[in-house]
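Student: with the input below, show me the fold.
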Amino acid sequence: MPDILPRELLFIDIETIPQHENYQALPETEKKLWGKKAQFLIKSEDSVEDIYQRAGIYAEFGKIICISTGYLVEKNKAYQLNLKSFYGHEEATLLTSFKDYLVNEMIPKKITALCAHNGKEFDYPYIIRRMLINGISLPAILNLSGKKPWEILHQDTLDLWKFGDYKHYTSLELLAYIFGVNSPKDDIDGSMVAEVYYKEKNLKRIVEYCNKDVITLAQLYLKMKGDLGFDDKEVNYLP
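Tutor: Numbers count the residues shown, from 1 in each chain. As a prediction, this is how the structure comes out:
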C-alpha cells in the first residue's frame, strides 16, 4: 500500500440515529424485522422495545443526520484544518451534497482517501449502505466493491492503533487523552445523539459535537504519525 500524506486525507465523522423516535412508531413490517434483528442483541433484562434506541448503529434501521469533514492544508510549515459539515433532516439531500463535495471539490484537491476512527467497521460501510438505500450512485472514492484490502487507501485510527491486535476496542476519547489531544466528549457523546435529536430537537448541538470529533481525529492522526499537530486557532469553518 502506498504511503498517504496527511494532506491527501479527508477526515470524517458521522452521527446516526434510529429512523423513528421509538419502537411504537415503526411500521408493522419493520417491527417484525427489528424483532428478528433484536434476537441477537437482546439481554435477559431487555425487551425488543428497549433496545430500539440502539437501532441507529445499524444502516438498515438508522439514518445519517450529520457528516463532518476536515482536510489539512500546509500553512507556515504547519497545518490548518478546513472543516465542512453536511447535516439536516433529509438524509438523501445530505448524502447527495456530501457526494458532490467529494467529486467536485476533494478530488481536484488530490484528496485520495478518507480517515475515520473505526471507519472500516462503521463510518465507511454505513455511508455506502445509506447511499445505496437512498438510490445514490457511489463516487469512486467510496466504491469499494471487489477491491482487495491493500487496494483500499482509507485510513482508520483505531486500526492504526491496533498494530495487528484485534482483541479490543480503543475509543477516540481514550486515544485523545493518552496523546494529549483535547477530548471531543465535553458536551455529549454518541449514546446521547438520538435523544438530543428527537427530544431536544437540537441538531446544531449534534453538528458541533461531530465537528469536535473531526478536529480531535485529525490531531490524533498527526500525533500518531509523529507530527505535532496544529494549533486550535488553525481551524477554518467552511460554509
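Student: strand partners (parallel or antiparallel) of the longest strand anywhere in the chain?
Tutor: The residue-count maximum for a strand in the chain (DSSP state E) belongs to strand 62-75. Strand 62-75 has the following strand partners under DSSP bridges: strand 9-18 (antiparallel), strand 78-87 (antiparallel).
Student: what's the pLDDT at Gly190?
Tutor: pLDDT recorded at Gly190 is 85.
Student: what is the neighbour count of it?
Tutor: Other residues within reach of Gly190 by the criterion other Cβ atoms under 10 Å amount to 18. In short, each C-beta sits where N, CA and C put it, glycine included.
Student: so who does it touch?
Tutor: By Cβ atoms under 8 Å, 6 or more residues apart in numbering, the contact list for Gly190 reads Glu15.
Student: show me where this structure has helices.
Tutor: With helices called from DSSP state H, the chain shows them at 28-38, 91-101, 123-133, 157-162, 172-178, 193-198, 203-224.
Student: elements contacting the third one?
Tutor: Helix 123-133 sits against strand 9-18, strand 62-75, helix 91-101, strand 113-116, with contacts defined as 3 or more Cβ pairs under 8 Å, 6 or more residues apart in numbering; DSSP states H and E.
Student: show me how far it is from its chain's centre.
Tutor: 11 Å (Cα atoms, centre = their mean, to the nearest Å).
Student: quick check: Asn141 touching Lys99?
Tutor: Wrong residue type there; residue 141 is Ile, not Asn. No - with contact defined as Cβ atoms under 8 Å, Ile141 does not reach Lys99; the gap is 9.4 Å.
Student: how about Leu158, nearest residue that isn't a chain neighbour?
Tutor: Computed as Cβ to Cβ, 6 or more residues apart in numbering, the closest residue to Leu158 that is not its neighbour in sequence is Asn118, at 4.6 Å.
Student: which residues touch that neighbour?
Tutor: Asn118 is in contact with Asp156, Leu158, Tyr169, Leu172, counting by Cβ under 8 Å, 6+ apart.
Student: how about low-confidence regions in the protein?
Tutor: Residue ranges of the chain with pLDDT under 70: 1-2, 44, 184-185.
Student: domain-wise, how is it divided?
Tutor: Per the record's domain assignment (automatic domain parsing), the chain is made up of the domains 6-14+67-237, 20-60.
Student: among those domains, which is the most enclosed?
Tutor: Of the domains of the chain, the one with the most neighbours on average (mean count of other Cβ atoms under 10 Å) is domain 6-14+67-237, at a mean of 17.
Student: how long is stretch 179-191 end to end?
Tutor: 24 Å (Cα to Cα, to the nearest Å).
Student: now it, how far from the chain's geometric center?
Tutor: Its chain's C-alpha centre and that of stretch 179-191 lie 14 Å apart, by Cα atoms, centre = their mean.
Student: what's stretch 35-55 in contact with?
Tutor: The contact list for stretch 35-55, computed with Cβ under 8 Å, 6+ apart, reads Pro18, Gln19, Asn22, Tyr23, Gln24, Leu26, Trp34, Tyr58, Glu60, Phe61, Gly62, Ala194.
Student: what of stretch 175-184?
Tutor: Residues from elsewhere that reach stretch 175-184 (Cβ under 8 Å, 6+ apart): 117, 157, 161, 172-173, 209, 212-213, 215-216, 219-220, 223-224, 229, 232.
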